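Undergrad: Just a sequence and a predicted model for now, questions to come.
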Number of protein chains: 2
Amino acid sequence: MKKLVSNLLLGDCETVLGGIKDNSIDLIVTSPPYTDRRADTYGGIKPDKYVDWFTPKSQEFLRVLKPTGTFILNIKEATQDREKNLYVLHLILALKEQGWHWTEEFIWHKKNSFPGKWPNRFRDAWERLLQFNKDPHFSMYQDEVRIPIGKWGDVRLKNLSAADKTRKTSGVGSGFGRKVANWANRDLVYPTNVLHIATETGNKNHSAVFPQAIPEWFIKLFTKEGDWVLDPFAGSGTTLRVAHRLGRNSVGVEVQRKYHRISRNNLKLDKAPVVTDTICLPIRKKGKSKR
Amino acid sequence: MKKLVSNLLLGDCETVLGGIKDNSIDLIVTSPPYTDRRADTYGGIKPDKYVDWFTPKSQEFLRVLKPTGTFILNIKEATQDREKNLYVLHLILALKEQGWHWTEEFIWHKKNSFPGKWPNRFRDAWERLLQFNKDPHFSMYQDEVRIPIGKWGDVRLKNLSAADKTRKTSGVGSGFGRKVANWANRDLVYPTNVLHIATETGNKNHSAVFPQAIPEWFIKLFTKEGDWVLDPFAGSGTTLRVAHRLGRNSVGVEVQRKYHRISRNNLKLDKAPVVTDTICLPIRKKGKSKR
DNA sequence: CTGCACTATGAATCGCTAA
DNA sequence: GTTAGCGATTCATAGTGCA
């Protein structure tokens, strides 16, 4: 097995990614700073400036991503003056304009979102996981994320009725037919586009934690071992750590020195090679260990 | 208790609603035809025409809705050429332009989503439930939709959707209230903005049914007894039936004679007063029983 | 009336083929 | 070149019938 590389770069991804060759990344998975909310830790981009702030960066993402690659963007609009901001909608339209294909919107349902309410709304228990591609024909390894079948399956596969053994055609004219026998004796099935993942609580290192399960799911789904994963807003390095654990090479970019240092320390604990303050082409087979 | 009214009008809501006074409706909850789909039963509006088709209608919704009222729109963009259509995003922007406030987006997680797997995507298991308001200070009765603490993710939808589906032997309408009474001694908590509700299978009357649990949840949340509920795309009349069962007045508009007739028959079974082919001001205290 | 077994079907999507 | 039609694929839930 080839040696894995975890590159961690300090700086703004808009400029730092300039050192990476075209078409070299298999998956970009990231959770950028949203507007205002975390003004204390990040700059806090104003909603009406968000698209202008983001698109030069996504232009670089488009350049470094392989044609078969995927870009996953975790984002949710903030509420301001009791109303939802529109910048995420404008961002999707701008990315489409930039040449991205909007192929899917996964929902991250935050399972352990605890009950609570405000005068005019309930607890927010979901976020968007937007999928963009350079080309509608991208790589996808669906078998890697299969889940156990529902309990109903136990009964079904024992007693297959006559109707289950023959293919039947739907009456609504959709051309849909079914043959239950096809999935008898199956214990794993394909998931849906709703991800039920709990938030990880108690992380004090970074203000907006991405639970490990999110990058893990997408890394398994869209890359194979040895592929390259990029997180241009690396934060405390969750994506890089998961990538390394799953046998993928990775590049992280973080603009804040504090989080960059935390990520570097975490990666050292994981015994992942770290290249900091150095632009390292991900297509190179080995990363330098310079600090 | 005052006599309840269920008005069912035949025609295009864009014109039919002209007979309703300004600021007279407390809640609009509806699921309009999406683009292209169901072209055999509905017209099938082309994606690039959708906003132009919808906004004259929503202009009327804006007029008839009370300042404290709410508009809930169930919609989802289709996939075309391996990519998501943008018309829902354009529609949200157009409604904002029209003067609506976009206050929330609930997610309807369809527990039993349509089966299937494709080379580039999984099953689609969610739809949007967009909330719009005339004024950010709207009426909301949050206590009415509280759920028992604990396994709320599963139990809630079970009980909500079971409301009218207990065997015919049980009295219609008593199901949910009785269950709430049973929970009285337990701790009730507020739900989140993710609704876990199964689609209702086996409905042969309409190709795209709204499960009863959806209008039920919003009617309880945004109206009180005696208030007025409007469904401008009434379909087989699910919203009206639920409104009547919960003690709310309602107005439904349906453009297709076939579904209009089905709704009327259903409402007669419920012993709800029905006014068809007649414009009836919802602020009137009684509806005529003319056919 | 309850419980269990079995049946029916749902706002789906992709890719190929025929026209 | 463009579009319309059709086959293939697939999971979970509610309703019905019967013991």
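TA: Thanks, I have it.
Undergrad: what does the stretch 1-150 of chain A have sitting close to DNA strand C?
TA: residue A:137 (Cβ under 7 Å from any atom of the strand). To be clear about C-beta, it is placed using only N, CA and C from the backbone, and glycine gets the same treatment.
Undergrad: can you map out the helices along chain A?
TA: A:13-16, A:50-64, A:87-98, A:152-158, A:162-165, A:213-222, A:238-245, A:257-269 (DSSP state H).
Undergrad: residues making contact with the third one?
TA: What that stands for is helix A:87-98. Applying Cβ atoms under 8 Å, 6 or more residues apart in numbering or on different chains, the external contacts of helix A:87-98 come out as A:35, A:47-48, A:50-51, A:54-55, A:58-59, A:62, A:75-77, A:102, A:128, A:130, A:132, B:86, B:89, B:92-93.
Undergrad: Please repeat the previous calculation with a cut-off of 6 Å.
TA: With Cβ atoms under 6 Å, 6 or more residues apart in numbering or on different chains as the test, helix A:87-98 has contacts from A:47, A:50-51, A:55, A:58, A:75, A:77, A:102, A:132, B:89.
Undergrad: Equivalent analysis for the last one, please.
TA: By Cβ under 6 Å, 6+ apart, the list of residues contacting helix A:257-269 from outside reads A:6, A:8, A:10, A:205-206, A:234-237, A:241, A:254, A:274, A:276.
Undergrad: mind putting those residues in CSV, neighbour count, pLDDT and distance to DNA strand D included?
TA: Shown next, in CSV, are the contacts of helix A:257-269 (neighbours: other Cβ atoms under 10 Å in any protein chain shown; pLDDT from 0 to 100; distance: Cβ to the nearest atom of the strand, whole Å):
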residue, neighbour count, pLDDT, distance to DNA strand D
A:6, 26, 93, 34
A:8, 28, 94, 38
A:10, 20, 93, 44
A:205, 15, 51, 35
A:206, 20, 53, 33
A:234, 28, 95, 34
A:235, 27, 93, 32
A:236, 25, 91, 33
A:237, 29, 94, 33
A:241, 21, 95, 30
A:254, 29, 95, 38
A:274, 25, 86, 40
A:276, 18, 79, 43
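Undergrad: From those residues, pick the one nearest residue A:228.
TA: Taking Cβ to Cβ as the measure, residue A:228 sits nearest to residue A:6 out of the contacts of helix A:257-269, at 10.7 Å.
Undergrad: gap between that closest one and DNA strand C?
TA: For residue A:6, the distance to DNA strand C equals 33 Å [Cβ to the nearest atom of the strand, to the nearest Å].
Undergrad: do residue A:259 as well
TA: Residue A:259 is 37 Å from DNA strand C, by Cβ to the nearest atom of the strand.
Undergrad: now do residue A:129
TA: Taking Cβ to the nearest atom of the strand, one finds residue A:129 at 16 Å from DNA strand C.
Undergrad: how many neighbours does that residue have?
TA: A count of nearby residues for residue A:129, using other Cβ atoms under 10 Å in any protein chain shown, gives 24.
Undergrad: Do a quick rundown of the strands in the stretch 151-291 of chain A.
TA: Remark: strands assigned in the stretch 151-291 of chain A by DSSP state E, counting those that start in this stretch are A:168-169, A:177-178, A:188-189, A:194-197, A:228-231, A:249-254, A:274-275.
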